[in-house]
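>>> what follows is a protein structure lacking sequence information:
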Ligand SMILES: [Zn+2]
Ligand SMILES: [Zn+2]
């Protein structure tokens, strides 16, 4: 896939559209760098990964395969699943061990 903003290529990219454009919004792929700059202005469409879920720790989106304890509807946007990403999960484990 090719980033619509900077032209970077990657095997998988987030796909999103501008929330402000509403129903007329077009979907396009974006690399992590460009997406990070407009994260508050775009809505992420489920992309090349089967399903996206939101980490309740860092609020990033991950493939549900990368989330621990996935729960339907816990993502905070519509029916998006939520869970804990591996990085946050390990932090939590670390806290428990201390
Ligand atoms: Zn880019
Ligand atoms: Zn996380």
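Received the coordinates, thanks. All values derive from a computational prediction rather than experimental measurement. Ligands and ions are numbered 1, 2, ... in the order given.
>>> pLDDT score assigned to residue 54?
pLDDT for residue 54: 86.
>>> number the chain from 30, please
Yes, from this point I'll number from 30; that puts the last item at residue 83.
>>> and it, what are its bridge partners?
Residue 83 has these beta-bridge partners by DSSP bridges: residue 90, residue 111.
>>> what's the local residue count around it?
23 (other Cβ atoms under 10 Å). (Each C-beta comes from the backbone N, C-alpha and C, glycine too.)
>>> now do it against ligand 1, distance only.
21 Å (Cβ to the ion, to the nearest Å).
>>> quick check: the gap between that residue and residue 113.
10 Å (Cβ to Cβ, to the nearest Å).
>>> going along the chain, name the helices of the chain.
61-66, 115-126 (DSSP state H).
>>> what sits against residue 37?
Counting by Cβ atoms under 8 Å, 6 or more residues apart in numbering, residue 37 makes contact with 31, 60, 62-63.
>>> hmm, 7 Å instead?
Neighbouring residues of residue 37 by Cβ atoms under 7 Å, 6 or more residues apart in numbering: residue 60.
>>> what about the residue nearest to residue 116 when sequence neighbours are not counted, neighbour count?
Leaving out its chain neighbours, the residue that sits closest to residue 116 by Cβ to Cβ, 6 or more residues apart in numbering is residue 87, at 7.1 Å. Applying other Cβ under 10 Å, we find 13 residues neighbouring residue 87.
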